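>>> Quick check, what structure comes out for this input:
(chains A and B)
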Amino acid sequence: MPVLLLLGLPCAVHAQQIQRWRLYRTDGSPVLLDTQKERDEFFNQGNCECEIPMALEVTLTGDYQTPNYKFQIVAGQACLNTTDSTIKSSCTVLFPEIRYNAWKKATWTITEVDGAKLTAKVLMGGICSSQDRTSFDIALYAEPAGDAVWVQDATKLGYTVDTVVPAQVKNASLKAGEGQVTISFDAPYSTTSSGDAGTTTSGETDIKYQVLCEKADGTTAFGSPASAGYDICTTESSTPDASTAADGSTGTAAPWPWPKPRAGDGGSDGIVDGPVSDGPVADTGAVDAGVSDRAVADSTPVDGGTPDSGTSTSGALSLNPKFVCSDTQDSASSIVVSSLTNDERYRFYMVTIDKARNPSTPLLVGEDTPVLAEDLWERYKRLGGTAESGYCFVATAVHGSYDHPHVRVLREFRDQVLLPTREGRLFVDLYYATSPRVASWLTHHEAARHLARAALWPVTLAAAAHIYTTTWHKALFLGSLLLGVGFILRRRQKSARRRS
Amino acid sequence: MRRGGFALLLVLLLPSSARGQVTVEEDYTSPQHFLFEIKFGPYSPNIDSDLSGSDTAFGHIFGSGTGLMVKGELDVEIWRGFGTLGVGGVFGYYGKSAAAFQDNSAGTTPSTSTTRTGSDTSLTLLPMSLLALYRFDWLMQRYSIPVVPFVKFGVNYTIWWINIDGNTASVNGDDAKGGTFGWQFNGGAALLLDVLEPSAAKTLDVELGINHTYLFFEFVHVSSMGDTKLNVGDTTWNGGIAFEF
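Okay, the predicted model is just below:
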């Protein structure tokens, strides 16, 4: 009851009140976060390392110029102490204090002053997906009189932290090839037939899949992914917040997407507990400068998977990007891990990552060894096949040297313009297949060679113009050409009219 | 049943606004200059004929089964009298892939392993042909006999490449891609479908300018030329549908 009384006070005790406040995401164009679903999605995609810009718009009524009037924005649950009207330490003050598990920075920006209204925006950084809270309210508190008595002055805007770990993939299996291993698997959830292709029966949406791997002897972590998980930020916050969070943990950030190690965690969620050596995997050696990154063997059994050749280990890698050895993939079918060394044994795990960036416990798929494979061409050649692929440039024959400047231009055109496209490659293939005969014939016919050289001039010129000019140059040239053609046509039209 | 199905096909091909309101003059036929064929058939390139001995490369990797060749052909009819003479251009596609065998050789001798790996090796052919053709459609025109025998002869050029895991295969810097010249002969017969539903065929002619529609079957012999070119020829057959317009 005292709480209710207190909540009812603000309008009565100070001259201004918050008429409206709204949250926006500002990564790109501002998007209003009005609904619970929008806020859930937005906040759950934030993380401790990335600064995700967000704006808060507050519209005041009344005498907003009162000097002692202050705001603070607090995230948490029931954050106002009913006894002394202070903010509970269990809550996270998003503005103006910067705390661990809080916004990285906050800057008020007055965007509108309209009569008795003041609209302001505050830019804030990313918020950690707290593992020990399942819901937040963001509330705006006011201190009308500068007497450290705070009152809630606006409707709470809540959001829910998604802490549900997605299930592991099903029926995962390995197949080694030349310098690569293919991991085939089924999705952990079946997709609903409602027409929403990304929605699964579990409620998880937009599941992604990724492979972790290491050498089977545990000596080397593996991984140089082009991307890791959902929109991972490439730069960490330049001003990491090391202040103490409400739960007493420190602000040592673990690389995303893997959750921060927490002392005393039993490993039930696959989060690393620190160096361990009691699992059949973990005792094979330290990883990464003597520090084992493996977790206790707590992963769930291989769900229909077929770990290869006698691998009975059930240990899981720590969820660490340095073990990531594939890009994320949206669809469940198979992932090819390439750039592996033949005859080297590797161990493979799979993780699923949900839209809120929660990774599943890594699933140990098994071990396999990439091997040399004999392709059709190799076998054909080894059996005495005499077919050759011709490589001879007409231009080389015409100009007499592979290093002739004109030949260089055409080579650059081939490499920069033709080869990057499928159609271009087709053309190059066709050219390579036909040019040897032409080139051979040209070398024996002097007159034809001169003619071909002349014919190649405009081709070379066009190629040079294409690769050595900017888009503006090309637009200017094309515009001039069109103008010129238009001018000539117009003159001819006029002249024809006169004749008629 | 078949007559009904064909009628349905013709009706579906027509613009909806045109259905049911076509008035056809009895003797009207639209101009006829071209024939387009879409055809399919089994194909197995004679790559192994380049090799001496009983060991095979294509057969070893892909087995005895054939792949599917898909082709499109556009003919220009340049003379019509006692039959039709014309020229045609053909483009096709053939692709076959299989898991490569493990390589247990020292690098120069063929592998003896029978274990398939997770690596895919594939052969792709893009055949192009230029053909002279004769269609004996005089009996069809004169006596409405709905069978048109035909022969075609010409040159072909096939672009080919061999991949391993999506990359061009290579041996000592010799990349597995190139082109092979050759000649080919086609001979077969086409069944005139117009006789099954003459009124629908007439409508098709009036509305879309398609004079005749055929189902056809042809025997094909493709021969590659050159000792240092991959032999991608085969003797096989095609079946398909043709539209004369």
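
>>> Please enumerate the helices of the stretch 351-500 of chain A.
Under the criterion DSSP state H, counting those that start in this stretch, the stretch 351-500 of chain A contains helices at A:376-382, A:394-399, A:405-413, A:422-443, A:446-468, A:471-499.

>>> For chain B, which of these is the nearest?
Proximity to chain B (Cβ to the nearest Cβ) singles out helix A:422-443 among the helices of the stretch 351-500 of chain A, at 2.6 Å. The C-beta positions use only the backbone N, C-alpha and C, and glycine is treated the same way.

>>> list the buried ones in that closest one?
A:424-425, A:428-429, A:432-436, A:438-439, A:442 (16 or more other Cβ atoms under 10 Å in any protein chain shown).

>>> relative orientation of it and helix A:446-468 in degrees?
150 degrees (axes from the mean of the first three to the mean of the last three Cα atoms, to 10 degrees).

>>> Can I get helix A:422-443 as CSV, trimmed to CA atoms?
The C-alpha trace of helix A:422-443 is given here as CSV (Å, rounded to 0.1, in the frame of the first residue of the first chain):
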residue,chain,number,x,y,z
ARG,A,422,29.7,-16.8,-63.4
GLU,A,423,29.0,-15.6,-66.9
GLY,A,424,32.5,-14.2,-67.1
ARG,A,425,34.0,-17.5,-66.1
LEU,A,426,32.0,-19.2,-68.7
PHE,A,427,33.3,-16.8,-71.3
VAL,A,428,36.8,-17.3,-70.1
ASP,A,429,36.4,-21.1,-70.3
LEU,A,430,35.0,-20.8,-73.8
TYR,A,431,37.9,-18.5,-74.7
TYR,A,432,40.5,-20.8,-73.3
ALA,A,433,39.0,-23.8,-75.0
THR,A,434,39.0,-22.1,-78.5
SER,A,435,41.9,-19.7,-78.4
PRO,A,436,44.8,-22.2,-78.8
ARG,A,437,43.9,-23.1,-82.4
VAL,A,438,43.3,-19.4,-83.3
ALA,A,439,46.6,-18.4,-81.7
SER,A,440,48.5,-21.2,-83.3
TRP,A,441,47.1,-20.2,-86.7
LEU,A,442,47.9,-16.5,-86.1
THR,A,443,51.5,-17.2,-85.3
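
>>> Report all helices and strands that it contacts.
Of the remaining helices and strands, those touching helix A:422-443 by 3 or more Cβ pairs under 8 Å, 6 or more residues apart in numbering or on different chains; DSSP states H and E are helix A:394-399, helix A:446-468, strand B:147-164, strand B:177-192.

>>> so how far is the last one off the chain centroid?
If you compare the mean C-alpha spot of strand B:177-192 with that of the full chain, they lie 7 Å apart, counting by Cα atoms, centre = their mean, to the nearest Å.

>>> And the next helix or strand past it?
Sequence order places helix B:198-208 as the next helix or strand after strand B:177-192, per DSSP states H and E.

>>> Tell me which residues of that following helix come out buried.
Residues of helix B:198-208 classed as buried by neighbour count (16+ other Cβ under 10 Å): B:200-208.

>>> what's the angle from that helix to strand B:177-192?
Per the same axes, to 10 degrees, the angle that helix B:198-208 makes with strand B:177-192 is 130 degrees.

>>> re earlier: which of the helices and strands packed on helix A:422-443 sits most buried?
helix A:394-399 (a mean of 22; mean count of other Cβ atoms under 10 Å in any protein chain shown).

>>> Look up the closest residue to the residue at minimal distance from the centre of chain B, ignoring the ones flanking it.
Chain B has B:K71 as the residue nearest its centroid, 3.4 Å off, counting by Cα atoms, centre = their mean. The spatial neighbour of B:K71 that comes closest, neighbours along the chain excluded (Cβ to Cβ, 6 or more residues apart in numbering or on different chains), is B:G92 at 3.7 Å.

>>> Toward the C-terminus, what is the element adjacent to the strand or helix carrying the one you found?
For B:G92, the element it lies in under DSSP H and E is strand B:83-102. Of the helices and strands lying after strand B:83-102 in sequence (DSSP H and E), the nearest is strand B:116-135.
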